[in-house]
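1. Pasting the sequence and the predicted model now:
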Amino acid sequence: MITIRLNAGDVGRIRFALSPVWETMTSVRALSNNTAQSVHGPWLQKVRPTIAGDDLTLLRALIPPYGYIPDFMTPAPPRRSTSFESGLAAIAATPHEIVTDELGRLHHDTPHPLLPELIANPAKALELITSALETYWRRAIEPEWRRMRSLLQEDLAFRLDELASGGIERLFRNLHPSISYRGDRVEIDRPYTCDGEPMAGQGLLLVPCVFTWPAGLAVTGAPHVPTITYPPRGLGRLWEDRQDTTDSPLADLVGRTRAAIVSHLDLPMSTTHLAHQLGVSAPTLSVHLSILRNAGVVTSHRDGRTVLYHRTPLGHQLLAAATPLATSA
């Protein structure tokens with residue numbers, strides 16, 4: 001059992017964030033723990049031919065299939081949404097004594113021949129780690145980040161609505177089966193404990209994370225911000241191929257561009273993202289979105305400065321109905 005104790009100030013500072021660095025780190029573990037038949041199978045088949053080399057060897061040494069991962073490699077995002085570059089900068093700025101201490105613990109728990117040299121030279125270790133992470137990010141995660149970010153934003157919108165509707169208890173009741181809230185603490189039902197006590201007053205950070213599926217990870221030791229990751233809702237559809245609506249009855253009914261819009265909204269997307277995916281101008285797309293929204297086929301919600309569009313139940317029904325009709329034709 002993992003326990004994170006909370007005082008009144010901590011409860012008032014519970015917050016959410018997205019982290020490209022967390023996704024990058026946990027995806028390395030997913031390479032070891034998933035198969036082509038798993039939920040991440042389509043991603044695995046796509047990236048494995050592109051990522052072999054010394055950088056991946058180093059990252060596998062730092063991120064074993066099970067157990068401890070150095071906490072400095074998963075820095076807490078200061079805001080709800082941050083860039084990969086800012087997370088990488090936070091890793092690079094880690095005090096050397098923390099690097100030495102946490103790599104030492106990793107080598108004690110999961111020995112690897114690459115680790116002693118890193119422990120002996122923490123400055124060089126940070127250079128190698130950030131370089132390997134950046135190369136791996138560009139090849140394995142960045143090409144899929146927009147798709148992943150849309151799913152994570154959708155999850156955040158749901159969680160914030162849960163918080164507004166039923167408070168902290170309802171939020172944690174529906175977060176993940178292994179996570180429970182006890183008033184003065186959060187408990188994670190895992191077959192091990194985490195060493196170290198978090199510093200009081202830092203609150204608690206909740207991070208939806210695609211690659212922690214099916215469980216989650218926790219950071220509990222000082223001086224790091226207490227953090228819990230959990231798999232986002234809708235993960236099963238993340239890597240699904242979009243339906244081709246070019247010659248479908250739906251395209252005959254509403255036009256090819258509007259049918260393509262409905263097909264692409266498996267995950268919430270902004271006008272800019274959709275325009276890029278479909279190769280149409282943002283003003284033209286806005287006209288089509290307005291028509292689809294007025295017809296009840298799509299809807300929208302605001303996420304910070306961005307408006308995200310997604311299919312309504314009617315949109316799902318229209319898209320699903322197009323498949324058997326197209327087959328019978």
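-> Looks like it came in fine. The model shown is predicted, which means the values in this text are computed figures rather than measured ones.

2. Might you list the low-confidence residue ranges for the stretch 51-200 of the chain?
-> 191-200 (pLDDT under 70).

3. ok, and the closest non-adjacent residue to Arg170?
-> Nearest residue to Arg170, sequence neighbours excluded (CB to CB, 6 or more residues apart in numbering): Glu162, at 5.5 Å. Placement of C-beta: from N, CA and C, glycine included.

4. what about that neighbour, how many neighbours?
-> Number of residues near Glu162 (other CB atoms under 10 Å) recorded here: 17.

5. element containing it, please.
-> helix 145-173 (DSSP states H and E).

6. Show the subsequent helix or strand relative to that helix.
-> Taking DSSP H and E, what comes next after helix 145-173 is strand 179-181.

7. Which SSE is immediately downstream of that following strand?
-> With secondary structure assigned by DSSP H and E, strand 179-181 is succeeded by strand 185-188.

8. Run through who's touching that following strand.
-> Strand 185-188 is contacted from outside by 1-6, 172, 178-180, 204, 216, 218, 228, using CB atoms under 8 Å, 6 or more residues apart in numbering.

9. 6 Å - rerun?
-> 1-6, 178-180, 218 (CB atoms under 6 Å, 6 or more residues apart in numbering).

10. What sits closest to the residue most central in space within the chain if chain neighbours are left out?
-> Geometric centre of the chain, nearest residue: Cys209, 3.3 Å, by CA atoms, centre = their mean. Among residues not flanking Cys209 along the chain, Thr229 sits closest, at 4.1 Å (CB to CB, 6+ apart).

11. would you say the one you found is within a strand?
-> Yes - using DSSP: H, G, I helix; E, B strand; the rest coil, the assignment for Thr229 is a strand.

12. That one contacts Thr212, correct?
-> Yes - counting by CB atoms under 6 Å, Thr229 touches Thr212, with 4.7 Å between them.

13. still on that earlier bit, can you flag the buried ones in the contacts of strand 185-188?
-> 2, 4, 6, 178-179, 218 (16 or more other CB atoms under 10 Å).

14. Nearest to Glu23 among the residues you listed?
-> Ala218 (16.4 Å; CB to CB).

15. So what does Ser19 have for phi and psi?
-> phi -140, psi 110 (degrees, to the nearest 10).

16. Run through the residues that contact it.
-> 77, 207.

17. Would you mind measuring from it to Pro77?
-> 5 Å (CB to CB, to the nearest Å).

18. Show me where the stretch 201-329 of the chain has its helices.
-> Here the stretch 201-329 of the chain has its helices, by DSSP state H, counting those that start in this stretch, at 249-254, 256-264, 271-278, 282-294, 313-328.

19. from those, which stretch is densest packed?
-> helix 256-264 (a mean of 21; mean count of other CB atoms under 10 Å).

20. gap between that one and the chain center?
-> 26 Å (CA atoms, centre = their mean, to the nearest Å).

21. Based on its surroundings, how many neighbours for Glu97?
-> So Glu97, with other CB under 10 Å, has 9 neighbours.

22. Check Ala132 too.
-> So Ala132, with other CB under 10 Å, has 20 neighbours.

23. right, and it touches Thr57 too?
-> No - between Ala132 and Thr57 there is no contact under CB under 6 Å: 8.8 Å.

24. Could you point out the bridge partners of His301 in the sheet?
-> Leu308 (DSSP bridges).

25. For stretch 300-308, give the mean pLDDT please.
-> Mean pLDDT, stretch 300-308: 76.

26. distance of the nearest residue to Ile63 once chain neighbours are set aside from Ala61?
-> Counting by CB to CB, 6+ apart, Ile63 lies nearest to Val28, which is 4.4 Å off, once chain neighbours are set aside. From Val28 over to Ala61 the distance is 10 Å, taken as CB to CB.

27. quick one: which of the two has more around it?
-> Val28 (22 against 19).
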